[in-house]
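Chemist: Build me a model from this:
(one chain, ligands or ions: 1)
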Amino acid sequence: MEQVNFMTWLENMGLSHPLLIAGPCSAETEEQVMEVAHALKKTDATVFRAGIWKPRTRPGSFEGQGGKALAWLQRVKKETGLLTAVEVGNAQHAKLALEFDIDIIWIGARTTVNPFAVQEIADALQGTEKIVLVKNPINPDLELWIGAIERLHKSGIKNLGAIHRGFSTFRKSKYRNIPNWQIPIDLKTKYPTLPIINDPSHICGEREGIFDVSQTALDLKFDGLMIETHCHPDEAWSDAKQQITPDRLIEITEDLRVRRDTFEKEEYLVKLDALRKEINAIDAQLIEVLSNRMNIVENIGLVKKQGNVAILQNTRWQEILNKVLEDGQSHGLNRDFVESVFKAIHQESIDHQRKIIDA
Ligand SMILES: C=C(O[C@@H]1C=C(C(=O)O)C=C[C@H]1O)C(=O)O
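Modeler: You can find the predicted model right below:
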């Protein structure tokens with residue numbers, strides 16, 4: 001995909017703050033949709049979202065009102081001036097969204113994982129001037145996310161963007177979908193102008209964490225937020241726990257801080273420069289230390305080869321891991337961080353020893 005300015009559609013909105021997309025998880029009734037939309041007029045929201053085709057994990061949950069809710073969204077636009085956004089899961093949905101003049105069409109996380117479905121949607125939307133956003137796939141796979149965006153781009157769709165809604169995990173976590181911030185950062189590195197919207201509602205899966213995740217997103221220079229909003233969240237037909245009221249949305253956006261891209265004052269730049277030099281020196285030391293460690297690991301590999309002993313020595317590895325976790329804690333380092341660093345080191349040690357033993 002060539003580097004074009006993907007930011008144009010967002011710049012054309014002329015906003016003085018990050019883009020805010022808000023609205024209920026699901027369009028339930030025409031009254032509910034209109035009530036939320038009118039309440040959102042007093043917030044910073046520019047776009048009204050509502051799910052009308054809901055991919056549910058198991059049958060029997062509310063699966064959305066389907067095509068008939070598209071007319072309700074048209075009424076939202078007419079009465080409130082808000083732009084409208086829906087999720088599409090197949091080509092038929094995409095065609096209907098175009099027919100009903102929906103402004104923003106997004107591809108859901110469960111659809112992004114399937115290149116066949118994405119291609120069919122890209123074909124249905126071919127050449128559209130509408131804004132098309134791609135949610136990250138449920139699994140932490142940057143290439144799959146990029147692939148979906150590229151399919152749309154190849155279909156002549158210029159007004160593109162991404163939505164970061166977090167990733168499924170088997171690990172216990174305070175999030176419903178772990179953010180894995182490095183993945184959207186990698187996407188931004190590859191396509192610097194591609195707008196990325198953060199979806200704290202799906203990352204958190206509950207109301208409490210929404211402010212913190214939104215602030216993190218703004219600190220990482222995300223271009224907007226998509227926050228599920230409902231006038232009576234506890235009575236919502238889907239995802240009741242993660243929806244907030246329009247009043248709470250106002251409180252959150254008032255408290256959020258938008259940071260500058262770069263420092264304006266020289267004195268800060270001087271301080272920053274000195275600290276960055278220290279970081280550079282420490283990074284050089286880290287590389288040196290890691291390389292020394294691998295040399296010793298390789299020597300152990302030679303001994304193992306002579307003795308015909310297996311690479312993995314789990315008792316020793318557990319002893320190391322427990323020791324570093326303890327040391328890490330006393331140095332104020334996050335446990336998950338220390339664990340993932342040392343697991344990566346252990347994996348690399350195994351790879352180095354394999355080269356020695358299998359040589
Ligand atoms: C280096 C060794 O080989 C493997 C790698 C380890 C490490 O990187 O610290 C620890 C145990 C082994 O699974 C070893 O046996 O000590």
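
Chemist: Now this structure against the ligand: closest residue?
Modeler: residue 349 (3.2 Å; C-beta to the nearest ligand atom). (Each C-beta comes from the backbone N, C-alpha and C, glycine too.)

Chemist: neighbouring contacts of whichever strand or helix holds that residue?
Modeler: Element membership for residue 349, per DSSP states H and E: helix 335-357. Contacts of helix 335-357 from elsewhere in the structure, counted by C-beta atoms under 8 Å, 6 or more residues apart in numbering, are 290, 293-294, 297-298, 300-302, 304-305, 311-312, 317, 320-321, 324-325, 328-329.

Chemist: Strands of the stretch 1-150 of the chain, start to end?
Modeler: 19-23, 47-49, 83-88, 104-107, 131-135 (DSSP state E, counting those that start in this stretch).

Chemist: hang on, I meant the stretch 151-300 of the chain
Modeler: Under DSSP E, counting those that start in this stretch, the stretch 151-300 of the chain gives strands at 160-164, 196-198, 224-228.

Chemist: what's the offset of the second one from the middle of its chain?
Modeler: To tie it back to what came earlier, the one meant is strand 196-198. Here strand 196-198 shows a centroid-to-chain-centroid distance of 7 Å under the convention C-alpha atoms, centre = their mean, to the nearest Å.

Chemist: Just the CA coordinates for stretch 320-335, please, in PDB.
Modeler: Taking C-alpha atoms only, stretch 320-335 is exported to PDB below (Å, rounded to 0.1, in the frame of the first residue of the first chain):
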ATOM      1  CA  ILE A 320      16.200 -18.300  37.800                       C
ATOM      2  CA  LEU A 321      12.700 -17.100  37.100                       C
ATOM      3  CA  ASN A 322      11.700 -17.000  40.700                       C
ATOM      4  CA  LYS A 323      14.900 -15.200  41.700                       C
ATOM      5  CA  VAL A 324      14.500 -12.500  39.000                       C
ATOM      6  CA  LEU A 325      10.800 -12.000  39.800                       C
ATOM      7  CA  GLU A 326      11.700 -11.400  43.400                       C
ATOM      8  CA  ASP A 327      14.600  -9.100  42.500                       C
ATOM      9  CA  GLY A 328      12.300  -7.300  40.000                       C
ATOM     10  CA  GLN A 329       9.700  -6.700  42.700                       C
ATOM     11  CA  SER A 330      12.200  -5.200  45.100                       C
ATOM     12  CA  HIS A 331      13.300  -2.800  42.300                       C
ATOM     13  CA  GLY A 332       9.700  -1.700  41.600                       C
ATOM     14  CA  LEU A 333       9.500  -3.500  38.300                       C
ATOM     15  CA  ASN A 334       6.200  -4.900  37.000                       C
ATOM     16  CA  ARG A 335       6.000  -8.700  37.400                       C
END
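
Chemist: And that stretch, what's buried?
Modeler: 324, 328 (16 or more other C-beta atoms under 10 Å).

Chemist: How about stretch 309-322?
Modeler: residue 311.

Chemist: now swap in stretch 59-68 and tell me
Modeler: Those would be 64-65, for stretch 59-68 by 16+ other C-beta under 10 Å.

Chemist: so residue 10 makes contact with residue 197?
Modeler: No: Residue 10 lies out of contact with residue 197 (C-beta atoms under 8 Å); the separation is 9.4 Å.

Chemist: list the residues that contact both of these two?
Modeler: 19, 161, 223-224.

Chemist: near the ligand, from the contacts of helix 335-357?
Modeler: 297, 300, 311-312, 317, 320 (C-beta under 6 Å from any ligand atom).

Chemist: Surely residue 207 touches residue 233?
Modeler: Yes: if you go by C-beta under 8 Å, residue 207 and residue 233 touch, sitting 7.4 Å apart.

Chemist: shared neighbours of the two, anything?
Modeler: Shared contacts of residue 207 and residue 233, counting by C-beta under 8 Å, 6+ apart, come down to 243-244.

Chemist: So what's the residue count around residue 203?
Modeler: 25 (other C-beta atoms under 10 Å).

Chemist: for residue 281, same thing?
Modeler: Neighbour number of residue 281 under other C-beta under 10 Å is 10.

Chemist: per-residue confidence at residue 359?
Modeler: Residue 359 carries a pLDDT value of 84.

Chemist: For it, give its distance to residue 316.
Modeler: 23 Å (C-beta to C-beta, to the nearest Å).

Chemist: picking up where we left off before, of residue 10 and residue 197, who's got more company?
Modeler: Legend: neighbour count by other C-beta under 10 Å for residue 10 and residue 197, higher for residue 197 (26 against 19).

Chemist: Helices of this protein, residue ranges please.
Modeler: 8-12, 30-40, 69-80, 91-99, 109-112, 115-124, 142-154, 182-190, 200-204, 210-219, 246-255, 266-307, 314-330, 335-357 (DSSP state H).

Chemist: For this protein, which residues are neighbours of the ligand?
Modeler: Within the chain, the positions adjacent to the ligand are 297, 300, 311-313, 316-317, 320, 346, 349, 353 by C-beta under 6 Å from any ligand atom.

Chemist: for those, which one is nearest residue 188?
Modeler: residue 346 (30.3 Å; C-beta to C-beta).
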